[in-house]
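**Q** Got a sequence here, can you model it:
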Amino acid sequence: MEKRVAVIGAGISGLLACKNIMEKGFNPIVFEARSGIGGVWSRTIESTRLQTPKSFYQFSDFAWPSSVTETFPDDKQVMEYIKAYAIHFNILPRIRFNCKVTCIDYVLHGNEDFPSWDLWGGTGWPFSPTGRWNVTVQDARDPTAPVEVYQLDFVILCIGKYSDLPNIPDFPLNRGPEVFNGKVLHSMDYAAMANDCAADLVANKRVTIIGFQKSAVDIAAAVANRNGVDHPCTLIFRTVHWIVPDYFLAFTLKSLNRFTEFMVHKPGQGFFIWLLAVLLSPLLWIVIKLGEAYLKRKQPLKKYNMVPEHGFLKQISSCMFTVLPANFYDRVEEGSLVLKKSQSFNFCKNGLVIDSEETPIATDIVIFATGYKSDEKLKNIFKSSYFQKCITESLAPFYRYW
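**A** Numbering: from 1, shown residues only. As a prediction, this is how the structure comes out:
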């Protein structure tokens, strides 16, 4: 019997999974909650571009078109590239749009109990002979419509970490958004707006952004460019991260090769590889310090107290790079973008109160660029408490569990 495989999500990972499933001779069905493909690329702010050179961000079997000459294509070019990939490999007919997966449950036949397995399915093979996955799907356009339940042989989750369930900080009673007279939203909601609607929302408004990762600095730069010094944008953050010019990241990525790999200690490595990493550690330290010194010299980090407390190596290892928006520190210099570091903040009637200042920051709009609850989103999709317990603080342990 032909095996049916569910793919949840039609972003880049979902499209790749579907294409490979078809090549293996299985029957994939892709459930996408939105009306189109692309995942996070389908909802971006106007200034969004690739953070990595396009040569590092392409399908191995489908090159960028020759018409894209930019090193860092914008969001529209990326979306066109993704759509072309889906069309080329005939993936679109496999996708069911506006189908939101609300629950996934593994149903066993007989008295078998999967916590007692030493291997997945009792055999170690992906397709268990004794059970099936029940995938519950709801029409995303009509929450009152009856749900459908699909019985499938295997499920691949491609739901991503940066969507759907925003992370909003908790506040003490009467010190949260409920006491604020202005508008509060998450960067997810801002990115979902049409470009002209987003521009109208912030036009001539006092806007405060919370956070210091990619969405935060991009939105802050866009608002500062839009409103100028007459209505400066405020960026409040707790931790300073290394943000690098695009050309610096391109150089860093090109240095990721077999030789530099030997400089890093890895779990389970043999004695000689471990010894080589020890011997090369002084060279690694020199390279990292040269990179830090270059960034401090080229950017006014000390002037604005923006030197991170953690080293550059830690950020490289975590792949938490943020590319500096164009003219970011020029906007800071002219006063259209104000940087404020604070370990905590609270709302008041007319704005925000941070721990480093007594005077409230007057603002009309607060945008949380504080990330997503990716682990919680993954937990919520499973019906079984057993699978929910497999999800810890990181997604990686669940991936490695089996």
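**Q** tally of neighbours for Gly14?
**A** 27 (other CB atoms under 10 Å). From N, CA and C alone the C-beta is placed, and that goes for glycine too.
**Q** quick one: buried residues of stretch 14-22?
**A** 14-19, 21-22 (16 or more other CB atoms under 10 Å).
**Q** so which of those comes closest to Phe171?
**A** Taking CB to CB as the measure, Phe171 sits nearest to Gly14 out of the buried residues of stretch 14-22, at 35.6 Å.
**Q** so what does the strand or helix carrying the closest one touch, helix or strand wise?
**A** Gly14 belongs to helix 12-23 when assigned by DSSP states H and E. Applying 3 or more CB pairs under 8 Å, 6 or more residues apart in numbering; DSSP states H and E, one finds that helix 12-23 makes contact with strand 4-8, strand 27-31, helix 75-88, strand 154-157.
**Q** Next, the angle helix 75-88 makes with that helix.
**A** 10 degrees (axes from the mean of the first three to the mean of the last three CA atoms, to 10 degrees).
**Q** Run the angle between helix 12-23 and strand 27-31 for me.
**A** Going by the same axes, to 10 degrees, helix 12-23 makes 160 degrees with strand 27-31.
**Q** report the angle between the axes of helix 12-23 and strand 4-8?
**A** Using the same axes, to 10 degrees, helix 12-23 lies at 170 degrees relative to strand 4-8.
**Q** Need the contact partners of helix 12-23.
**A** 5, 7-8, 10, 27-28, 30, 32, 37-39, 41, 59, 82, 85-86, 89, 91, 94-95, 156, 158, 160 (CB atoms under 8 Å, 6 or more residues apart in numbering).
**Q** same question, stretch 54-71
**A** By CB under 8 Å, 6+ apart, stretch 54-71 touches 16, 50, 53, 72-73, 77, 81, 84-85, 88-89, 246, 250, 253.
**Q** Next, format those residues as a markdown table and append pLDDT.
**A** Shown next, in a markdown table, are these (pLDDT from 0 to 100):
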| residue | pLDDT |
| --- | --- |
| Leu16 | 97 |
| Leu50 | 90 |
| Pro53 | 85 |
| Phe72 | 90 |
| Pro73 | 95 |
| Gln77 | 97 |
| Tyr81 | 98 |
| Ala84 | 98 |
| Tyr85 | 98 |
| His88 | 98 |
| Phe89 | 98 |
| Asp246 | 76 |
| Ala250 | 62 |
| Leu253 | 63 |
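**Q** out of the helices and strands packed on helix 12-23, deepest packed?
**A** Per residue and on average, the most neighbours among the helices and strands packed on helix 12-23 fall to strand 4-8, with a mean of 23 (mean count of other CB atoms under 10 Å).
**Q** What is that strand packed up against?
**A** Counting by 3+ CB pairs under 8 Å, 6+ apart, strand 4-8 packs on helix 12-23, strand 27-31, strand 131-139, strand 148-152, strand 154-157.
**Q** Show residues contacting it.
**A** In contact with strand 4-8 (CB under 8 Å, 6+ apart) are residues 14, 17-18, 21, 26-31, 101, 104, 133, 135, 150, 152-159, 381.
**Q** ok, which stretches of the stretch 301-402 of the chain are helices?
**A** 312-318, 328-334, 374-380, 385-390, 395-401 (DSSP state H, counting those that start in this stretch).
**Q** Mind checking the pLDDT average for the last one?
**A** Model confidence over helix 395-401 averages 40 on the pLDDT scale.
**Q** Kindly state the domain boundaries assigned to the chain.
**A** 4-162+374-401, 177-245+299-368 (automatic domain parsing).
**Q** Going by mean pLDDT, which of the ones you listed comes out lowest?
**A** Across those, the lowest-scoring stretch is domain 4-162+374-401, with a mean of 87.
**Q** The residue nearest to the spatial centre of the chain: what's it in contact with?
**A** The centroid of the chain falls nearest to Tyr162 when counting by CA atoms, centre = their mean (3.5 Å). Tyr162 makes contact with 40, 371-372, 374, according to CB under 8 Å, 6+ apart.
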